[in-house]
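Engineer: My questions are about this predicted structure, shown below with the sequence.
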Amino acid sequence: MSNSQLKRVNYSIYLDPVNSNSDRYAVGVMQNWAKERREMMSDPSAGVALHYSLHMHKNIYLSGMFLYLLSPAMSNGLAGSLSEDNIKMETLKQQLENCGLALPSSESASPAIDMHALISEMKAAVDMQPLLSEIQQLKAELADLKATEPAVPAVDTEALVGELRAESDISPLIAEIQQLKKELLESKDVAAESQNALSESDLATLQHNLSAEMKAHSQHREIAELKALLKAQNKLIKALSNGQPLPEIEDPEPEMNLSQQIASIQKVKKKGIF
């Protein structure tokens with residue numbers, strides 16, 4: 001090392017590309033870096049890239065030192081797994097878990113939501129311009145309406161409450177009227193049903209029964225008259241045979257008096273024949 005402000009450190013590493021896959025892959029990567037550096041040295045416009053290439057080994061060594069100081073086992077594991085297929089986050093995560101350095105909440109933590117990206121996607125999916133224009137128009141119309149409409153008179157709350165109470169007081173009366181209307185309609189329906197209860201067949205049956213009853217009454221009356229005549233004839237024959245004076249012939253008693261006939265006719269009227 002020199003005594004200047006910058007410290008120059010030279011070190012050598014020994015790789016075994018024949019027996020170690022990690023060493024063989026590292027040799028190939030460093031050969032590609034050396035080739036790229038020679039190309040940049042011949043290109044005047046690649047000064048910045050050349051500067052970074054000359055100093056990147058410092059970053060590589062210091063980052064490796066950080067990992068080694070953090071966990072020598074993890075540093076050894078990463079060095080042994082160095083290959084083209086293993087350079088990915090899953091390999092680093094596995095080495096962290098093997099060394100007990102994995103964060104407990106790393107798997108359950110939800111991914112961060114990029115709100116700006118989400119808003120941009122929503123704006124792209126929905127055209128907000130017509131909606132914004134409509135909102136502005138509604139605001140303008142509302143302002144014009146407030147400027148032109150007259151002042152709203154104050155509402156007498158007590159008077160309004162009184163009116164509402166008055167309206168609520170007549171509600172029982174309205175309910176009673178509705179109930180009376182319902183009962184009246186029901187009574188009309190019952191009367192109509194009673195009036196229509198007698199069908200044509202019932203009327204025909206009543207007429208037939210009345211005719212049969214009147215015929216039976218007529219036959220009974222004729223039989224009674226014949227019986228009276230036979231009785232009178234027998235008395236006359238008996239008187240003539242005994243030499244007695246002729247007895248007075250009694251009138252046959254009517255089977256049914258007038259009041260009974262009127263009652264029968266009224267009974268038939270009630271049945272609906274007339």
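Structural biologist: Happy to help now that I have it.
Engineer: Domain map for this structure?
Structural biologist: Here the domain parsing of the chain from automatic domain parsing is 21-98, 200-270.
Engineer: Give me the pLDDT value at Trp33.
Structural biologist: Trp33 carries a pLDDT value of 89.
Engineer: ok, now Gln136?
Structural biologist: Here the pLDDT value assigned to Gln136 is 77.
Engineer: For Leu15, give me phi and psi.
Structural biologist: When read as degrees, to the nearest 10, the backbone of Leu15 gives phi -110, psi 150.
Engineer: And for it, nearest residue in space, chain neighbours not counted?
Structural biologist: Asp23 (4.0 Å; CB to CB, 6 or more residues apart in numbering). Just so you know, the C-beta spots here come from the backbone N, C-alpha and C atoms, and that holds for glycine as well.
Engineer: The one you found contacts Pro17, doesn't it?
Structural biologist: Yes - the pair Asp23 / Pro17 is scored as a contact, 5.0 Å apart, by CB atoms under 8 Å.
Engineer: Who has more neighbours out of these two?
Structural biologist: Asp23 (17 against 13; other CB atoms under 10 Å).
Engineer: how close does the more buried one get to Thr205?
Structural biologist: As judged by CB to CB, to the nearest Å, Asp23 and Thr205 stand 125 Å apart.
Engineer: that older thread, looking at the domains of the chain, which is buried most?
Structural biologist: Comparing the domains of the chain by mean neighbour count (mean count of other CB atoms under 10 Å), domain 21-98 ranks first with a mean of 13.
Engineer: mind checking the end-to-end distance for that domain?
Structural biologist: The first residue of domain 21-98 is 21 Å away from its last residue (CA to CA, to the nearest Å).
Engineer: Which secondary structure elements does the lengthiest helix in the chain sit against?
Structural biologist: As assigned by DSSP state H, the longest helix anywhere in the chain is helix 200-242. Counting contacts by 3 or more CB pairs under 8 Å, 6 or more residues apart in numbering; DSSP states H and E, helix 200-242 packs against helix 258-270.
Engineer: what pLDDT, on average, does stretch 181-199 get?
Structural biologist: Averaging pLDDT along stretch 181-199 gives 70.
Engineer: Any stretches of the stretch 101-250 of the chain with poor pLDDT?
Structural biologist: 103-112, 122-129, 131, 149-158, 160-171, 173, 190-203, 243-250 (pLDDT under 70).
Engineer: Can you tell me, leaving aside adjacent residues, what's nearest to Leu67?
Structural biologist: Among residues not flanking Leu67 along the chain, Ser75 sits closest, at 4.6 Å (CB to CB, 6+ apart).
Engineer: looking just at contacts, which helices and strands does the helix or strand hosting that neighbour meet?
Structural biologist: Taking DSSP states H and E as the definition, Ser75 sits inside helix 72-80. Helix 72-80 is packed against helix 47-70, helix 89-98, with contacts defined by 3+ CB pairs under 8 Å, 6+ apart.
Engineer: what's the angle from it to helix 47-70?
Structural biologist: 140 degrees (axes from the mean of the first three to the mean of the last three CA atoms, to 10 degrees).
Engineer: what is the orientation angle of helix 72-80 with helix 89-98?
Structural biologist: Counting by the same axes, to 10 degrees, helix 72-80 lies at 150 degrees to helix 89-98.
Engineer: Contacts for helix 72-80 next, please.
Structural biologist: 22, 64, 67-68, 91-92, 95-96, 98-99, 101 (CB atoms under 8 Å, 6 or more residues apart in numbering).
Engineer: Sort out which one of these lies nearest Ala175 for me.
Structural biologist: Minimum distance to Ala175 across the contacts of helix 72-80 is 81.1 Å, recorded for Leu96 (CB to CB).
Engineer: so who does the closest one touch?
Structural biologist: Counting by CB under 8 Å, 6+ apart, Leu96 touches 74, 102.
Engineer: what do you get for Arg37?
Structural biologist: By CB under 8 Å, 6+ apart, Arg37 lies in contact with 50, 53-54.
Engineer: circling back: spit out the contact partners of the residue nearest to Leu15.
Structural biologist: If you count contacts by CB under 8 Å, 6+ apart, Asp23 has them with 15-17.
Engineer: ok, Trp98 - contacts?
Structural biologist: One thing to correct before we go on: residue 98 is Asn, not Trp. 73-74, 77.
Engineer: Same list (the residues you listed) but as CSV, adding distance to Lys227 and pLDDT.
Structural biologist: Output for the contacts of Asn98, formatted as CSV (distance: CB to CB, whole Å; pLDDT from 0 to 100):
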residue, distance to Lys227, pLDDT
Ala73, 146, 90
Met74, 144, 88
Gly77, 144, 90
